[in-house]
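Peer 1: Pasting a predicted model and its sequence here:
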Amino acid sequence: MADHDKQQVRTRLEQRVVEIETTREKMRRESEGGKELADYDQHPGDMGTEMHDQELDQTTELLLDDERGRIAEAMAALDSGTYGNCVVCGKEIPAGRLEAMPEAVRCIDHQRELEAQGRIAYHPPVDR
């Protein structure tokens, strides 16, 4: 590991885990507080808004799960002594990238490649 303070990095990663769990708990409280006992008296526009909010919460959960996975991957790299090196090519990840995103385990080029593969794999439904 290059010039990284292992404990400082671990602390930042652990703080981010706490932030993620706090966000999840806040979302749960907000979704539980807004439920009505019956939906038959709702206006159709209200049901659309509720569906939109549910989809937004589900998307946020997916993003939080993804970030939590990256943090776990970074923690494993920290424990194995490979933190700061790209898991694909082994090159050192720039310090500025690690400062901005301590959970980064790929160099910028390989992260872009991974994200591009995800975009290619996703095929949105086609209306016919």
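Peer 2: Everything's here; your move.

Peer 1: backbone phi and psi for E92, please?
Peer 2: E92 adopts backbone torsions of phi -70, psi 130, taken as degrees, to the nearest 10.

Peer 1: what about it, neighbour count?
Peer 2: Neighbour count of E92, defined by other C-beta atoms under 10 Å: 13. Quick note: C-beta positions are derived from backbone N, CA and C, even for glycine.

Peer 1: That one pairs with what?
Peer 2: Per DSSP bridges, the residues bridged to E92 are N85.

Peer 1: May I ask you to confirm that it is in contact with N85?
Peer 2: Yes. At 5.9 Å, E92 counts as touching N85 under the criterion of C-beta atoms under 8 Å.

Peer 1: Could you tell me which residues touch both of the two?
Peer 2: Common neighbours of E92 and N85 (criterion: C-beta atoms under 8 Å, 6 or more residues apart in numbering): none identified.

Peer 1: separation between E113 and R106?
Peer 2: 8 Å (C-beta to C-beta, to the nearest Å).

Peer 1: Comparing the two, which shows the higher neighbour count?
Peer 2: A direct count of neighbours by other C-beta under 10 Å for E113 and R106 places R106 higher, at 21 against 13.

Peer 1: Buried residues of stretch 71-86, list them for me.
Peer 2: For stretch 71-86, burial by neighbour count (16 or more other C-beta atoms under 10 Å) applies to 71, 73-75, 77-78, 83-86.
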